[in-house]
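# sequence-free structure coming up:
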Ligand SMILES: C[S@@+](CC[C@H](N)C(=O)[O-])C[C@H]1O[C@@H](n2cnc3c(N)ncnc32)[C@H](O)[C@@H]1O
């Protein structure tokens, strides 16, 4: 291993010393009094407070969505008595929620004591995908009530495991429309934010035919087709999901250019008559062995030189460590399979399956996704 500052014993010693210092109440008193260290001490205690109180913040967000508070504010600024009378909560409770929403910038006080949307509230109401995720998190919240029981596997079937009906199912291709409906709808609602990032990061100008593997109801494929009118495409997913995708494609009048195909991407041959393949929010759903199996199956079906894009939030992303390490790490654990991978780990999986020229594309918002591009190479390796 190459010795760098990150893995040097000097850095460890320095951090041990820092930890001892931060644990000392005398140091805290001094740091809080000394003008140069006071802002650092305050910022650190505020960050720690937010870590401990985060569960309250997310429940305030949920209450603001579910009670209709954000929708009411979205109609325009209004006096508090009018707002509270329309909220359908006991007045004092409504007032408390409103104050919490102001503190979290979901709402804000405007002129003449009226209340309007805050800057974060305004973003939330304009993003149906975020709102759908806020509602969806109620399931994860259920699973996390006793986090140690979850981590020790004592909880048995989890709410998230039941929700993602293909997770742990030995015959996912037999799932019914009812079993896949909720998650497919959620994915379609949250897809526009991801699609915009991916399509900005990679131009499909040179490509003629796209296959979106595990493409759900076709939201990504349709966004790509709208962006690139010359493009033809196919979404492949479990039969019950592919049926929903076909319905959407027909509704949008795109059935001359786009189609859907139901199959099990681990077992069934994938049609290789395409020049670009996307895997959006797919690999991290699966344990290493399954992810490798899927990539092997895909590589076997493709012509040499076909481009593959892997787009998903990744672990160890500078500036977005919490997204991979904390959010997706715990989310996928509760779901019962998969894990967020680093760029290097995804590269390793792709290369082991036979892909080459693997490169990370710059420019994506890592909260939504990072995008890795690769090409299939000849099977005579
Ligand atoms: C997390 S969702 C992502 C959907 C879509 N790519 C997106 O980003 O909105 C994973 C998708 O993989 C599909 N899937 C899971 N297991 C599958 C399998 N064995 N064969 C085909 N599709 C599968 C699911 O039905 C689901 O649509």
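Ah, there it is. None of the values given here were measured: they were computed from a predicted structure.
# tell me how far stretch 335-353 is from the chain's mean position?
Chain-centre distance of stretch 335-353: 16 Å, with Cα atoms, centre = their mean, to the nearest Å.
# And the ligand, is that stretch touching that?
No: counting by Cβ under 6 Å from any ligand atom, no contacts exist between stretch 335-353 and the ligand, the nearest distance being 9.1 Å. Just so you know, the C-beta spots here come from the backbone N, C-alpha and C atoms, and that holds for glycine as well.
# Can you name the residues of this structure sitting close to the ligand?
So the chain meets the ligand at 166, 172, 180, 184, 187, 191, 194, 214-216, 219-220, 237-238, 241, 264-266, 280-282, 285 (Cβ under 6 Å from any ligand atom).
# And the buried ones among these, selectable in ChimeraX?
For the buried members of those, the matching ChimeraX selection, counting by 16 or more other Cβ atoms under 10 Å, is:
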select :166,172,180,184,187,191,194,214,215,216,219,220,237,238,241,264,265,280,281,282,285
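# from the residues of the chain next to the ligand, which ones fall inside strands?
Among these, the ones falling in strands (DSSP state E) are 237, 280.
# In helices, which of the residues of the chain next to the ligand fall?
180, 184, 187, 191, 194, 219-220, 241 (DSSP state H).
# Which members of those residues are the farthest-apart pair?
180 and 194 (19.0 Å; Cβ to Cβ).
# Without its sequence neighbours, what residue ends up closest to residue 313?
In this structure, residue 313 finds its nearest non-sequential neighbour in residue 323, 5.2 Å apart by Cβ to Cβ, 6 or more residues apart in numbering.
# What is the neighbour count of that neighbour?
For residue 323, the count of nearby residues is 18 (other Cβ atoms under 10 Å).
# Walk me through the domains of the protein.
Here the domain parsing of the chain from the TED database is 28-126, 190-376.
# Any idea how far apart the tips of the first one sit?
Which is domain 28-126. 42 Å (Cα to Cα, to the nearest Å).
# mind checking how far stretch 102-116 is from the chain centre?
The answer for stretch 102-116 is 29 Å, by Cα atoms, centre = their mean.
# ok, and for it, which residues are buried?
104, 106-108, 115-116.
# Show me the shaky parts of the stretch 251-381 of the chain.
Residue ranges of the stretch 251-381 of the chain with pLDDT under 70: 379-381.
# Give me the distance between the residue in the stretch 151-300 of the chain that the ligand sits nearest to and residue 291.
At 3.1 Å from the ligand, residue 214 is the closest residue in the stretch 151-300 of the chain, using Cβ to the nearest ligand atom. Using Cβ to Cβ, to the nearest Å, one gets 11 Å for the distance from residue 214 to residue 291.
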